[in-house]
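1. Any chance you could fold what I've pasted below:
(one chain, ligands or ions: 2)
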Amino acid sequence: MKASRLLMPTLRQVPAEAEIASHQLMLRAGLMRKLASGIYSFLPLGLKAFKKVENIIREEMDNSGAQELIMSALLPSEIYIESGRWEVFGPEMFRLQDRGGRDFCLGPTHEEVFTTTVRNEIKSYKALPVTLYQIQTKYRDEIRPRFGVMRCREFVMKDAYSFDRNEEGLDQSYQAMRDAYCKIFDRCKLDYSIVQADSGAMGGSGSEEFMVKSDIGEATLAFCNDCGYAANDEKAQCKPVPEENNDPYYTMEKESTPDVKTIEDLEKFFNCKSSQFGKTLLYQADDQVVAVMVRGDRDVNETKLKNYLRCADLALADEETVVKATSAQVGFAGPVGLKVRLIVDLEIPEMKNFIIGANDTGYHYKNANFGRDFETKEIVDLRNITEGDACPVCGGKINIAQGIEVGHIFKLGTKYSEALNCRFLDENGKEQPVIMGSYGIGVGRTLASIIEQNHDENGIVWPVSVAPYHVIIVTVNNADEQQMALSEKIYKDLQAKGIEVLWDERNERPGVKFKDADLIGYPVRLTVGKKASEGIVEYKLRKEEHYTDMSVEDALAAAVAFVKGI
Ligand code: ATP
Ligand code: MG
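-> Ligands and ions are numbered 1, 2, ... in the order given. Modelled structure (predicted):
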């Protein structure tokens, strides 16, 4: 391809709307443009890189034995009503009606369609196991689209679904996908971790996420360097930290604490640390109100709470509900004499002589103790894990990092096959629900993550496997016939050798060409300048600082060897 013919609108300025490196670079390098919030168009260079990621995924899926097909993005409501997700998806689902008033959605994920397809087409154990996948566009009306294609509203996902006769089969299908994912992300040159993830309250026996560690990641992961444990913070189990305190158990006393409502107010008033408080929060869980207690410096993990309660909706209770349940204004809730169900975090029974709200406006209790002053049988792991916590496996020290979730693999079990009646006849002629798994990779998010991990101050530094072009030829002076002739020869030779090459023969100053080459980030740059008359060109790798003068033959050989990884 010749650069003069290519739509590659690079930008020198950092676009104000882009907060993170990959988003800025994808706009600046002319890979994509924004159409509306969370909606992007890929331009030629962006699409080329995108297709490379897609092809890596396709090859590894095919190698694993999965079969590609494609489903519509426009889906009838019936199947989602049948599975119960027409409600569950809520406002994240794009919904529309046809001219006859029938409801449709733009598929946010396709478990329902795949399950009903298998329900209709597979009757016998003989046709199982089978793993099907597609690389297809998904729609989600995300609350907060951000970071370019990292979190957008229209995005391409590779989604795969496995169908097995039994749990052992599922384990094998799951492992095959896990292995394929490792190969995919290795080939994309991503530095990633596999972490345990929440598999939800209903069904699902295991789930893992592929996380790319990055400060801009929206997911939080906990990991232990001693034993290798790694989990999403929604899932990471917390061990209670026993209090090292030899004080006797003092008598509980009520104290007047006017205008003291927040934990910060309490710290000042009592002159002690937030860890010496017991924080009571009221939640509305479907139609039930529950009180939840964690140490004052901890945060309630709402995923854990939701899973424990097995509820569909969970939110902090409104003021009116709090006032009714505690007979006090907001800020004074506590476990003593509370009239609603109480659930306490594992740490609460370990605490000694702590401060709690008194369910009386303007009052707190000090020296409260679990078991003596209040009680519940519901003692559950409810909090977010934090840096320095004990590893739930080996007791080592937990570290916390941010991560970008690029892939998710999930043992679904019979959740969808039961709901959608997807059954098969086993060897004994008995009907059984199909055992399922689902597996997703965001193609655009993977591409953006590659840029996030492979860039410098001048631009993208593409790994060869996903670079839009492998080699860029920069002709320094277009007016010089020798330079043009030699450039063209190199261009043709590289093409003949199967190298994807872009020739920058635009009528631009060399500085512009070099800047664009660095910004777009082709792995190899061959510069044809003054020494063209001697048959000498400059060879430079994008990831290295230095360049070398080489004979044309040597430069060609070096470029081919580098691209082919020889
Ligand atoms: P997140 O927690 O980031 O919202 P999710 O749990 O909703 O992700 P899944 O439903 O498991 O994601 O989707 C599978 C994959 O699809 C994700 O691992 C991610 O790579 C990609 N993905 C999900 N939502 C988006 C989005 N809004 N934009 C781009 N890619 C996405
Ligand atoms: Mg999501």
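
2. Every contact and neighbour count from this point should use C-alpha atoms.
-> Will do.

3. And the helices in the stretch 151-300 of the chain?
-> 167-187, 263-270 (DSSP state H, counting those that start in this stretch).

4. Quick one: name the residues of this protein near ligand 1.
-> 149-153, 155, 157, 405-408, 440-442, 445 (CA under 6 Å from any ligand atom).

5. Can you say which of those are buried?
-> Applying 16 or more other CA atoms under 10 Å to those, the neighbour count classes 149-153, 155, 157, 405-408, 440-442, 445 as buried.

6. farthest pair in the residues you listed?
-> Within those, Arg153 and His408 form the most distant pair, 18.2 Å apart (CA to CA).

7. Could you list the domains of the protein?
-> Domains of the chain are assigned by automatic domain parsing as 18-236+400-451, 253-380, 469-564.

8. With mean pLDDT and distance to Glu387 as added columns, please give those in JSON lines.
-> JSON lines is the format used below for the domains of the chain (pLDDT from 0 to 100; distance: least, CA to CA, whole Å):
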{"stretch": "domain 18-236+400-451", "mean pLDDT": "95", "distance to Glu387": "5"}
{"stretch": "domain 253-380", "mean pLDDT": "93", "distance to Glu387": "12"}
{"stretch": "domain 469-564", "mean pLDDT": "97", "distance to Glu387": "34"}
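
9. So what's the residue count around the nearest residue to Leu541 once chain neighbours are set aside?
-> Distance criterion CA to CA, 6 or more residues apart in numbering; nearest residue to Leu541, sequence neighbours excluded, is Val524 at 4.6 Å. Neighbour count of Val524, defined by other CA atoms under 10 Å: 26.

10. partner residues bridging Val524?
-> Val471, Leu541 (DSSP bridges).

11. Distance-wise, check it relative to ligand 1.
-> Look at Val524 and ligand 1: by CA to the nearest ligand atom, to the nearest Å, they are 29 Å apart.

12. Val294 too?
-> Distance of Val294 to ligand 1, given as CA to the nearest ligand atom: 25 Å.

13. Just confirm that residue contacts Ile348, I think it does.
-> Yes - under the criterion of CA atoms under 8 Å, Val294 makes contact with Ile348 at 6.5 Å.

14. Common neighbours of the two, please.
-> Gly278 (CA atoms under 8 Å, 6 or more residues apart in numbering).

15. sec struct for the residue most central in space within the chain, please.
-> The residue lying closest to the centre of the chain (CA atoms, centre = their mean) is Glu405, at 2.0 Å. Assigned state for Glu405: strand (three-state reduction, DSSP: H, G, I helix; E, B strand; the rest coil).

16. Numbering from 5 from now on, please.
-> Got it, the first residue is 5 from now on, which makes the last one we talked about Glu409.

17. Who are the contact partners of it?
-> Glu409 touches 213-216, 221, 223, counting by CA under 8 Å, 6+ apart.

18. Thr14 now?
-> Per CA under 8 Å, 6+ apart, neighbours of Thr14: 31-34, 520.

19. Among those residues, which ones are in helices?
-> 31-32, 520 (DSSP state H).

20. Tell me which stretches of the stretch 105-254 of the chain form strands.
-> Remark: strands assigned in the stretch 105-254 of the chain by DSSP state E, counting those that start in this stretch are 107-110, 134-143, 158-168, 196-200, 210-217, 223-228, 234-236.

21. Name the surrounding residues that touch the second one.
-> The contact list for strand 134-143, computed with CA under 8 Å, 6+ apart, reads 58, 65, 69-75, 77, 97-98, 110-113, 157-168, 177.

22. List the strands paired with it, with their directions.
-> When DSSP bridges is applied, strand 134-143 pairs with strand 71-72 (parallel), strand 158-168 (antiparallel).

23. now swap in the first one and tell me
-> Paired with strand 107-110 in the same sheet, following DSSP bridges, are strand 78-80 (antiparallel), strand 98-101 (antiparallel).
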